[in-house]
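Novice: the sequence isn't on hand, but the structure is:
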Ligand code: XMP
């Protein structure tokens, strides 16, 4: 009879056996539940022979990096943060095509990760939060948790110096969340919606700028905090805000404005291949709209996306 505690004990023992008493382990963390849980588990298994690297590409949500750093460092995980925000902005400057953005972010991610981790090595092992569904589809998963597949996609030499440590290969997401609970991962990270590797770059339509990211970050925070406050967060599989390039006429006091339109999107889904738009209460949506236009002056119009997948995707880019 397998309880989460049994599974956790087995996983820790398995890692210890694979890594031995000297091996050093490198892990990329993204802020998502899989890589955060893995960081806690590995830290239990091998202590400070784990180095968890968080690449901040500047496309994260408000306070996300600090939240994850605090939770993991508080649990004794050896976390190294790389501030690559300027580098990423530089490479994304003027790029508006969604696939081009993804390519650049993926490529830069690997480049920065390789360059920075060289400073802390050598590492014999590379850990990844690969889940059972990823094994089957050999696709998907969190951005930073997929270094190896990015490497392969990027066409780098096959003979990577690393041996892979993938303790979650037999687990589903729900099981990882159970284990995360035992490891003491705070609920706001443990129950977090998925967040794409390219982050806010694909939610800020067209070419990104610091200003636009800053607007989007504030809108997203109001929406996500609101969902939590109203007890609606766990009823959605994913929720997000999109900054559109549309500017429209509005009015504030005696003045006409010409400001941005943001779209809010929330979906329910089992597998993210198809999805329904979440039937959020009108009252809640009204409250969100008021808060957004009152607190984010660059925005004068809020719309809610009522399209299913298909034909729409969950993200707008
Ligand atoms: P779509 O928009 O295709 O999204 O319906 C399905 C799920 O995948 C996530 N997504 C991504 N995740 N890198 C990622 O790591 C990406 O480039 C990417 N694009 C979409 C999306 O957030 C949703 O959960």
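Specialist: Noted; the coordinates are in hand. Just so it is clear, the model here is predicted, and its values are computed rather than measured.

Novice: grab the nearest non-local neighbour of residue 112.
Specialist: residue 84 (4.7 Å; C-beta to C-beta, 6 or more residues apart in numbering). No exception for glycine: its C-beta is placed from N, CA and C like everyone else's.

Novice: if I pick the nearest residue in space to residue 98 that is not next to it in sequence, what's in contact with it?
Specialist: Spatially, and ignoring its direct neighbours in sequence, residue 98 is nearest to residue 317 (3.7 Å; C-beta to C-beta, 6+ apart). Counting by C-beta atoms under 8 Å, 6 or more residues apart in numbering, residue 317 makes contact with 98, 101, 202-203, 205.

Novice: now render those residues as a markdown table, adding secondary structure, pLDDT and distance to the ligand.
Specialist: Conversion of those to a markdown table gives the following (DSSP: H, G, I helix; E, B strand; the rest coil; pLDDT from 0 to 100; distance: C-beta to the nearest ligand atom, whole Å):
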| residue | secondary structure | pLDDT | distance to the ligand |
| --- | --- | --- | --- |
| 98 | helix | 98 | 9 |
| 101 | helix | 98 | 9 |
| 202 | helix | 98 | 6 |
| 203 | coil | 98 | 9 |
| 205 | coil | 98 | 13 |
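
Novice: okay, the residue nearest to residue 112: pLDDT?
Specialist: We have a pLDDT of 98 for residue 84.

Novice: equivalent analysis for residue 185, please.
Specialist: For residue 185, pLDDT reads 97.

Novice: residue 156 now?
Specialist: 41.

Novice: all strands of the stretch 1-150 of the chain, in order?
Specialist: 25-29, 50-56, 79-83, 125-127 (DSSP state E, counting those that start in this stretch).

Novice: out of these, nearest to the ligand?
Specialist: Closest of those to the ligand is strand 25-29, at 12.6 Å (criterion: C-beta to the nearest ligand atom).

Novice: ok, the spatially closest residue to residue 44 that is not a sequence neighbour - contacts?
Specialist: What sits nearest to residue 44 in space, not counting adjacent residues and going by C-beta to C-beta, 6+ apart, is residue 12, at 5.6 Å. The contact partners of residue 12, by C-beta under 8 Å, 6+ apart, come to 41, 44-45.

Novice: test my guess that residue 130 contacts residue 168.
Specialist: Yes - here residue 130 reaches residue 168: they are 6.2 Å apart, a contact under C-beta atoms under 8 Å.
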